[in-house]
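A.B. asks: A structural model of the following input is requested.
(one chain, ligands or ions: 4)
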Amino acid sequence: MRCRKCGEKAAINMRQHKLALCGTHFLEWIPEQTQRFIEKYKMFEEDSRILLAVSGGKDSLALWDVLHRLGYQTTGLYIDLGISDYSIQSQRMAEKFATENDLKLTLVDVAESEGATIPEASKLTERGKGKPCSVCGLTKRHIMNRVAREGGYDVLVTGHNLDDEAAVLFGNTINWAVGYLARQGPVLEEKADGLVRKAKPFCRFYERETAAYALLRGINYIYDECPYAEGATSIYYKELLNQMEEVRPGMKLSFYLSFLRAKKFGLFVQESTIAQSKLVNCSTCGQPTTAPDQCAYCRTWDKVRSRQAAA
Ligand code: AMP
Ligand code: FES
Ligand code: ZN
Ligand code: ZN
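C.D. replies: Ligands and ions are numbered 1, 2, ... in the order given. Okay, here's the model as predicted:
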C-alpha cells in the first residue's frame, strides 16, 4: 500500500476514507482535519481560551499535541480520581507531556477537594451497583464544568473519538434515550446558566487513527484502561460496532454522521427544548440540573460525607 500524496510506503490505510498515507502525510492530515472539524462545527475561535481535559490516554494527549501544533491557547486539566496505580500512571503521563511541551496543567485531586477517592465514594453510596463508574462520571463532569467556569474559559474540550461517540449513540438508540440523543454531538452549546460550552474536536477520528497519531508523534500515554472498565457495556458496543465495520468499512462513521444530519434537519428538536426548559440551578453548587433541588453530584457527595462522619 502506497501513500496517496507521495507514493512512499503507507503507514496507515483508512478504508472508510479509501485513503492510505505515509507517516509524514498522516501527521499533516490529522491537524488539517481537526482544524476542518473545529470550523465546521464552530467549536471555538483562534483566540478562545481552551480548557482541555486530559486523562493521560492517547486521545486527549494526541488532541493536546494537535491543538498546540495548530497554535491554540490551551490549559490542561487532570482529575486525580484516586484509582490506585492507574491514576498514578495516568497523571505521570499528563505531567510529562505538559512539561515537555511547556504547557500549563491544572491538577484536581478528588480525595483532597471532595474528601474521598472515587472507589471510596462509590462504596459509601448505592450509585452504580458497586461499580464506581457512575459516581466517577458524575464527579468528572462536575469538576470539569466547575474549573472551566471558575477559570473563565470559553470552552471545555475532551478527547472523545468516533468509537466513543458511536458506542454512546448505539446505546442511546437501543434505549431510545431521546433526552441524551438530543444532547449528543460535536458541540454542546452554553445554553443554560452556569454550563460551559463543550467540544470534541476528535469526534470524527477512529480510535486507531488517534492511536497511530500518538505513536508516530512519540507521545507516551497510558495503555491500560481503567481497571473498572472491564465488562462495561460501552466496550461491548464498541466490539459489536467493530465487527460491523470489518464487513462494511465506514459503517461507524456513517452511523454517526447520518445521526448528525438527521439532527440538523430537526430530529429531537422538541426533546432538546423540553430538556432545556427543565433545567434549574442546584441549591448548593449552582450548576444546572434537572433535579428539583440539589444536583446529583451534590446529593451523592453529601451522602458520602455524612456516611464518613457516621462511620
Ligand atoms: P473516557 O470517559 O475515559 O473515555 O474519557 C473521555 C475524555 O474525558 C478523555 O478524552 C478526556 O478528555 C476526559 N477525561 C477522562 N478522564 C479524565 C481525567 N481523569 N482527568 C481529566 N480528563 C479526563
Ligand atoms: Fe472512572 Fe474508571 S471508574 S475512569
Ligand atoms: Zn506521503
Ligand atoms: Zn450541586
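A.B. asks: near ligand 4, which residues of the stretch 201-311 of the chain show up?
C.D. replies: 282, 284-285, 295, 298 (CB under 5 Å from the ion). Using the backbone N, CA and C atoms, a C-beta is placed for each residue, glycine as well.
A.B. asks: how about a cut-off of 8 Å?
C.D. replies: 282-287, 289, 294-299 (CB under 8 Å from the ion).
A.B. asks: report the helix or strand with the lowest average pLDDT across this protein.
C.D. replies: helix 269-277 (a mean of 74; mean pLDDT, DSSP states H and E).
A.B. asks: contacting residues for the closest residue to Lys200 other than its chain neighbours?
C.D. replies: Closest residue to Lys200 apart from its sequence neighbours, by CB to CB, 6 or more residues apart in numbering: His160 at 4.5 Å. His160 makes contact with 59, 200, 202-203, according to CB atoms under 8 Å, 6 or more residues apart in numbering.
A.B. asks: got these as TSV, with pLDDT, secondary structure and neighbour count columns?
C.D. replies: Shown next, in TSV, are those (pLDDT from 0 to 100; DSSP: H, G, I helix; E, B strand; the rest coil; neighbours: other CB atoms under 10 Å):
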residue	pLDDT	secondary structure	neighbour count
Asp59	98	helix	24
Lys200	98	coil	24
Phe202	98	coil	29
Cys203	98	coil	23
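A.B. asks: that older thread, what residues sit buried inside the least confident helix or strand of the chain?
C.D. replies: 271-272, 275 (16 or more other CB atoms under 10 Å).
A.B. asks: so, low pLDDT: which residues of the protein?
C.D. replies: Applying pLDDT under 70 to the chain flags residues 127-130, 191.
A.B. asks: returning to what we had before: out of the contacts of His160, which touch ligand 1?
C.D. replies: Contacts with ligand 1 within the contacts of His160, counted by CB under 6 Å from any ligand atom: Asp59.
A.B. asks: closest to ligand 3 out of the contacts of His160?
C.D. replies: Closest approach to ligand 3 among the contacts of His160 (CB to the ion): Phe202, at 22.0 Å.
A.B. asks: can you report phi and psi for the closest residue in space to the closest one that isn't next to it in sequence?
C.D. replies: The shortest distance from Phe202 to any non-neighbouring residue, by CB to CB, 6+ apart, is to Asn161 (5.0 Å). The phi/psi pair for Asn161 (degrees, to the nearest 10) reads phi -110, psi -180.
A.B. asks: so what's Asn161 up against?
C.D. replies: 59, 202-203, 205-207, 209-210.
A.B. asks: could you pull out the strands for this protein?
C.D. replies: 12-14, 19-21, 49-53, 73-80, 104-109, 155-157, 187-188, 198-199, 280-281, 288-289 (DSSP state E).
A.B. asks: enumerate the residues of the stretch 51-200 of the chain near ligand 2.
C.D. replies: Going by CB under 6 Å from any ligand atom, the residues of the stretch 51-200 of the chain near ligand 2 are 81, 132-133, 136.
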